[in-house]
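>>> Here is a sequence together with a model predicted from it:
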Amino acid sequence: MRADIAEGREPGLDRVATSAGRTAIRLATTRTPATITAISQTGTNIKGADLHTKDGSVFGTIFVEVDNLPHLAKVLKAVRRVKGVTTVERRETPPGK
């Protein structure tokens with residue numbers, strides 16, 4: 001197991017300059033309501049979404065507001081725990097989103 005995962009840190013977040021503010025999370029899931037609930041239960045505001053469906057799966061980006069890197073790591077971890085989530089990663093937020 002990778003050291004960052006074993007220590008409870010999100011892989012790659014230490015290389016990403018994220019301050020408080022809007023962040024984009026790219027995901028694929030078969031359980032959209034459970035995924036949205038998982039994000040909300042971390043105390044995170046969902047600011048928008050760009051989602052598409054295909055063959056019973058939902059793909060796209062959810063825009064959230066996070067306070068700092070630990071908050072972002074908490075959100076990503078919560079989403080990964082949802083049964084039916086096959087992809088979740090932080091994406092660069094386009095200007096104006």
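Cool, got the structure.
>>> how much space is there between the nearest residue to residue 45 once chain neighbours are set aside and residue 53?
In space, and not counting its chain neighbours, residue 45 is closest to residue 65: 4.5 Å by Cβ to Cβ, 6 or more residues apart in numbering. The C-beta positions use only the backbone N, C-alpha and C, and glycine is treated the same way. The gap separating residue 65 from residue 53 is 25 Å, by Cβ to Cβ, to the nearest Å.
>>> Those two: which is more packed in?
residue 65 (13 against 10; other Cβ atoms under 10 Å).
>>> That one: helix or strand, and which one exactly?
strand 57-66 (DSSP states H and E).
>>> try residue 73
Going by DSSP H and E, residue 73 is part of helix 69-80.
>>> Convert that helix to CSV, retaining C-alpha atoms only.
Below are the C-alpha coordinates for helix 69-80, written out as CSV (Å, rounded to 0.1, in the frame of the first residue of the first chain):
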residue,chain,number,x,y,z
LEU,A,69,-6.8,20.6,1.7
PRO,A,70,-7.9,18.4,4.7
HIS,A,71,-11.5,19.4,3.9
LEU,A,72,-11.0,18.4,0.3
ALA,A,73,-9.4,15.1,1.3
LYS,A,74,-12.4,14.4,3.6
VAL,A,75,-14.8,15.0,0.7
LEU,A,76,-12.9,12.7,-1.7
LYS,A,77,-12.7,10.0,0.9
ALA,A,78,-16.4,10.1,1.6
VAL,A,79,-17.3,9.9,-2.1
ARG,A,80,-14.9,6.9,-2.6
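>>> How far away from the center of its chain is the following helix or strand past it?
Under the assignment DSSP H and E, the closest C-terminal helix or strand after helix 69-80 is strand 85-91. Offset of strand 85-91 from its chain centre (Cα atoms, centre = their mean, to the nearest Å): 6 Å.
>>> Then stretch 68-81?
7 Å.
>>> what comes up buried for that stretch?
For stretch 68-81, burial by neighbour count (16 or more other Cβ atoms under 10 Å) applies to 69, 71-76, 78-79.
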